[in-house]
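# how would this look folded up:
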Amino acid sequence: MAVVITLDQMLAKRGMTLSELSSRVDITLANLSILKTGKAKAIRFSTLDAICRELQCQPGDLMTHDPDSEKADI
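Numbers count the residues shown, from 1 in each chain. Here you go, the predicted structure:
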């Protein structure tokens, strides 16, 4: 997929663990892990909103578009 999730980088910038984010946004650690590793097929806007609120960031800070990464998946 050409959309690359950069949640781990934003967590590092904020000095927050995935577990801490999980408890703050009331999303399971397993679901956040799936998102962080780029294995998620979709994300609800309410989830994205909660993550952005807690990390004090914009949606674009959590994902990028890299067409070259899509070619690697083929």
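# from here on, contacts and neighbour counts on C-alpha atoms
Noted.
# Now do the contacts for the most centrally placed residue in the chain.
Nearest to the geometric centre of the chain sits Leu7, at 3.8 Å (C-alpha atoms, centre = their mean). Residues in contact with Leu7, defined by C-alpha atoms under 8 Å, 6 or more residues apart in numbering, are 35-36, 62-63.
# Equivalent analysis for Leu29, please.
Counted by C-alpha under 8 Å, 6+ apart, Leu29 has contacts 18-19, 22.
# Weed out the non-buried ones from these.
Among the contacts of Leu29, those scoring as buried are 18, 22 (criterion: 16 or more other C-alpha atoms under 10 Å).
# For Val4, give me phi and psi.
The phi/psi pair for Val4 (degrees, to the nearest 10) reads phi -110, psi 130.
# wait, doesn't it sit right on Thr37?
No: using C-alpha atoms under 8 Å, Val4 is not in contact with Thr37; the gap is 9.2 Å.
# Of the two, which one has the most company?
Val4 (18 against 13; other C-alpha atoms under 10 Å).
# Please enumerate the helices of the chain.
Counting by DSSP state H, one finds helices in the chain at the ranges 7-14, 18-25, 29-36, 45-55, 67-73.
# pull the CA atoms of stretch 47-56 into PDB?
C-alpha atoms of stretch 47-56 as PDB (Å, rounded to 0.1, in the frame of the first residue of the first chain):
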ATOM      1  CA  THR A  47     -10.100   7.000  15.900                       C
ATOM      2  CA  LEU A  48      -7.800   9.300  13.900                       C
ATOM      3  CA  ASP A  49      -9.400  12.300  15.700                       C
ATOM      4  CA  ALA A  50      -8.700  10.700  19.100                       C
ATOM      5  CA  ILE A  51      -5.100   9.900  18.200                       C
ATOM      6  CA  CYS A  52      -4.400  13.400  16.800                       C
ATOM      7  CA  ARG A  53      -6.000  14.900  19.900                       C
ATOM      8  CA  GLU A  54      -3.700  13.000  22.300                       C
ATOM      9  CA  LEU A  55      -0.600  13.400  20.200                       C
ATOM     10  CA  GLN A  56      -1.400  17.000  19.400                       C
END
